[in-house]
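Asker: sequence first, predicted model second:
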Amino acid sequence: MNPSLLLPVEVALRGGAATLLILLAEAVPFFRARPGWRRLWWIASAGAFLLPLFPIFATAALPFPVLALCVAWAAGTAFLLLRLAGQTWLTARRWNRRRLVAEGPLPALLEDCKAKAGVTAPIGLVVAPEGELSGPALLGWLRPRILLPADLAATWSREELEAVLLHELAHFRALDIPGDWIFSLARAVQWFNPFAHLAYRRWRIAREEAADAATLSLLAETENDAPRFYGDLLLRLVKRQNETPFHPHGALAIAESHATLKQRLRMIVTPPSPKNTFPCVLLTVLLAGLVTLTVTLHPAYAAPAPAPITVPAAEIEAAKKAAVAAMEPWLKQEDAGDHVGSWKAASAYFRENVTQDQWIAASKFVHDSVGHTLRRTLASTMLEQGVVETNSPPLANPLVIAQFHTAFDGAADAVETVTFQKDADGVWRAAGYYVKPANTADGATPDDPDKKKALAAMAPWLKKGDTGDYAAQWKEASASFRKSCTLDKWLEATRNVNLGPCLSRTLMSAAIGTDADGPQVTAKYRSSFKNAASTIETVVFVRESDGVWRAAAYYFKPTD
């Protein structure tokens, strides 16, 4: 499965597993727990539906059916989040403008209830006109308000209002408003998942039962028959809710639904009293592990190693032959001293990195040093893949590197290395050229200072690639390298290669030549990587105008 979808599926399955585990615990007498424990378990299940929230990037283009599913999921999530934001804004706009009750017995009663419940945060009290509110409710957490219908505030006794206020304060102290926000987000993201909606319904039941239990424990200090008194109060509030079913969006009402009334009354009359809390602690630890451990230890979805590119041998040979055929007239232009013509016939990549004046100056320098061409013999050809985009077909942006044994007037035995690339129009054009006289052949002049400096600069540059710091490699490369290969393309190419850690690297040869950018050293290493046991790395470093040796080219060729 594509990594972009695998993670959301795992999140949905993990949330479903948490939901089933809690449902099983609620059904088994061994886990008979107080409502506070069950409220904690269900809010933990919301975390299971959210962590991690966002999928890892896709490493390849998605098929249309998968893309359509992603678009549908994103559209559903966006719609629900926008609707949630709109409803929250409208509710806040309406109720935040209401005047708080500041005089009379209600503020004093609220302060007494806060002291009894252990709440110190400032909480406002709003009395809503008749018909606007079906029952008492807690609204907001950053600017909390307890909402009371006007008729209840005027006609109910102090003991009845105290029970209502204690219930809403229990919600505030238990952080049930933030819990409702978390579940709203989880249900928006997992709108397609029935387990997310089931978990929310079960959490609402547990949160109300927990608030009931907290209220009863405080009422028992003053009421002789607190369960009967509180149960009768709930019945009256549920009746009001059925007659005028309205409370603000996001508010926690003491009597939201008559569907759970029977269970709440049963919990009030016969609350659970487990002999020990070990089973509850055990299940809490299991849920915490399910939510957090799977996130912490979840492996990153690295870009998969590309499938080996298999190209028919005949196609490879045809590409080499076509490139060499294009090299011959280009080299004749150079032999004849037509450096302007050879520059104009080169690839766009070449001309972008080397100006016409630079090429003329470098070519004249080389040919003035070696003299006229006497003969040229093809020694070897090699096909390489240039920097390509993800999912490019085999042989996209191919390069052919040819080496010629060439005799010049001033250099009887020299090696010319010519690189041609196939442009988008299908024509092979020059992408690189340098000459290596025999007196700088591989392995000769081992103490050459330029060669030593270049090799010394290559070592830390290659080390950065071994540690995966490809961005630093790009930043420390030559100007021509960075101009021809953007940082994004370089990171894409190195991620697609996926050689794995470097196990060993041995210098095979190092040759000094001359390029349009100046002196350059081409080194070949026999290297072993975790995913490619035998590989030839070719690294080209050029000495720039500031005297610093920097990377000008890099490619590799597996040999196993």
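Answerer: On my side now, so go ahead. Residues are numbered from 1 along each chain as shown.
Asker: find the residue closest to the residue of the chain positioned farthest from its centre in space, skipping its chain neighbours.
Answerer: No residue in the chain sits farther from the centre than Asp409, which is 60.5 Å out by C-alpha atoms, centre = their mean. Nearest residue to Asp409, sequence neighbours excluded (C-beta to C-beta, 6 or more residues apart in numbering): Gly371, at 2.8 Å. Bear in mind the C-beta positions are built from the backbone N, C-alpha and C, glycine included.
Asker: so that neighbour makes contact with Ala411?
Answerer: Yes. Applying C-beta atoms under 8 Å as the test, Gly371 and Ala411 come out as touching, 7.2 Å apart.
Asker: which of those two has more neighbours?
Answerer: Ala411 (19 against 12; other C-beta atoms under 10 Å).
Asker: for the more buried one, which residues are in contact?
Answerer: 369-371, 435, 437-438 (C-beta atoms under 8 Å, 6 or more residues apart in numbering).
Asker: my read is it is in a helix, agree?
Answerer: No. With DSSP: H, G, I helix; E, B strand; the rest coil as the criterion, Ala411 is coil rather than part of a helix.
Asker: quick check: pLDDT value at it.
Answerer: Reported pLDDT at Ala411 in the predicted model: 78.
Asker: show me where the stretch 251-400 of the chain has its strands.
Answerer: Remark: strands assigned in the stretch 251-400 of the chain by DSSP state E, counting those that start in this stretch are 252-253, 373-385, 398-408.
Asker: ok, of those strands, where does mean pLDDT dip lowest?
Answerer: Among the strands of the stretch 251-400 of the chain, strand 252-253 scores lowest, with a mean of 76.
Asker: which among the contacts of Ala411 gets closest to Asp448?
Answerer: Pro437 (12.5 Å; C-beta to C-beta).
Asker: count of residues packed around that closest one?
Answerer: Residues within reach of Pro437, counting by other C-beta under 10 Å, total 21.
Asker: now do the same for it: its pLDDT.
Answerer: In this model, Pro437 carries a pLDDT of 71.
Asker: my read: it touches Ala414, true?
Answerer: Yes. Contact status for Pro437 versus Ala414: in contact at 4.7 Å, counting by C-beta under 8 Å.
Asker: mutual contacts of the two, please.
Answerer: Applying C-beta under 8 Å, 6+ apart, one finds that Pro437 and Ala414 are jointly contacted by Val370.
Asker: now do the strands in the stretch 1-150 of the chain.
Answerer: Under DSSP E, counting those that start in this stretch, the stretch 1-150 of the chain gives strands at 124-128, 137-139, 145-149.
Asker: give me the sheet partners of the second one and which way each runs.
Answerer: Read that as strand 137-139. Looking at strand 137-139 with DSSP bridges, its partner strands are strand 145-149 (antiparallel), strand 252-253 (antiparallel).
Asker: distance to Ala336 and mean neighbour count added to the ones you listed, as CSV?
Answerer: Formatted as CSV, the strands paired with strand 137-139 follow (distance: least, C-beta to C-beta, whole Å; neighbours: other C-beta atoms under 10 Å):
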stretch, distance to Ala336, mean neighbour count
strand 145-149, 91, 23
strand 252-253, 89, 24
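Asker: just the pLDDT at Trp549, thanks.
Answerer: On the pLDDT scale, Trp549 gets 93.
Asker: who touches it in this structure?
Answerer: With contacts defined as C-beta under 8 Å, 6+ apart, the neighbours of Trp549 are 453-454, 456-458, 521, 541-543.
Asker: how about the residue farthest from the centre of the chain, what does it touch?
Answerer: Residues near Asp409 by C-beta under 8 Å, 6+ apart: 370-372, 374.
Asker: so what's the closest residue to Leu80 other than its chain neighbours up against?
Answerer: Ranked by C-beta to C-beta, 6+ apart and with sequence neighbours excluded, the top spatial neighbour of Leu80 is Ala188, at 3.9 Å. For Ala188, the contacting residues are 77, 80-81, 84, by C-beta under 8 Å, 6+ apart.
Asker: low-confidence regions, the stretch 101-250 of the chain specifically.
Answerer: 243-246 (pLDDT under 70).
Asker: circling back to that earlier point, pipe the strands of the stretch 251-400 of the chain into CSV and attach distance to Val497 per row.
Answerer: As requested, those are exported to CSV (distance: least, C-beta to C-beta, whole Å):
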stretch, distance to Val497
strand 252-253, 56
strand 373-385, 10
strand 398-408, 15
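Asker: out of those, which one sits most buried?
Answerer: Neighbour counts (mean count of other C-beta atoms under 10 Å) averaged over each of the strands of the stretch 251-400 of the chain peak at strand 252-253, with a mean of 24.
Asker: got the domain boundaries for the protein?
Answerer: 3-96+175-296, 313-440, 449-558 (automatic domain parsing).
Asker: circling back: now the residue nearest to Leu80: which helix or strand?
Answerer: helix 176-189 (DSSP states H and E).
Asker: following that helix, which helix or strand comes up?
Answerer: Scanning forward in sequence from helix 176-189 by DSSP H and E, the next helix or strand is helix 194-219.
Asker: in that next one, which residues are buried?
Answerer: Buried residues in helix 194-219, counting neighbours by 16 or more other C-beta atoms under 10 Å, are found at 195-196, 198-200, 202-216, 218-219.
Asker: and the angle for that helix with helix 176-189?
Answerer: Here the directions of helix 194-219 and helix 176-189 differ by 170 degrees (axes from the mean of the first three to the mean of the last three C-alpha atoms, to 10 degrees).
Asker: quick one: name whatever helix or strand follows helix 194-219.
Answerer: Using DSSP H and E, the first helix or strand after helix 194-219 is helix 226-243.
Asker: that older thread, relative to Ala137, which of the strands of the stretch 251-400 of the chain is closest?
Answerer: The nearest among those, by C-beta to C-beta, is strand 252-253 at 4.1 Å.
Asker: would you list the phi and psi of Ile254?
Answerer: Main-chain dihedrals, Ile254, degrees, to the nearest 10: phi -70, psi -30.
Asker: list the contacts of it.
Answerer: 135-137, 164, 167-168, 208, 211, 234, 237.
Asker: just Leu383 next, same as before
Answerer: Leu383 neighbours (C-beta under 8 Å, 6+ apart): 316, 319-320, 395, 398-400.
Asker: if you set the cut-off to 6 Å instead, what comes out?
Answerer: By C-beta atoms under 6 Å, 6 or more residues apart in numbering, Leu383 lies in contact with 316, 319-320, 400.
Asker: drop anything exposed from those.
Answerer: Buried among the contacts of Leu383 (16+ other C-beta under 10 Å): 316, 319-320, 400.
Asker: with that, I have no additional questions.
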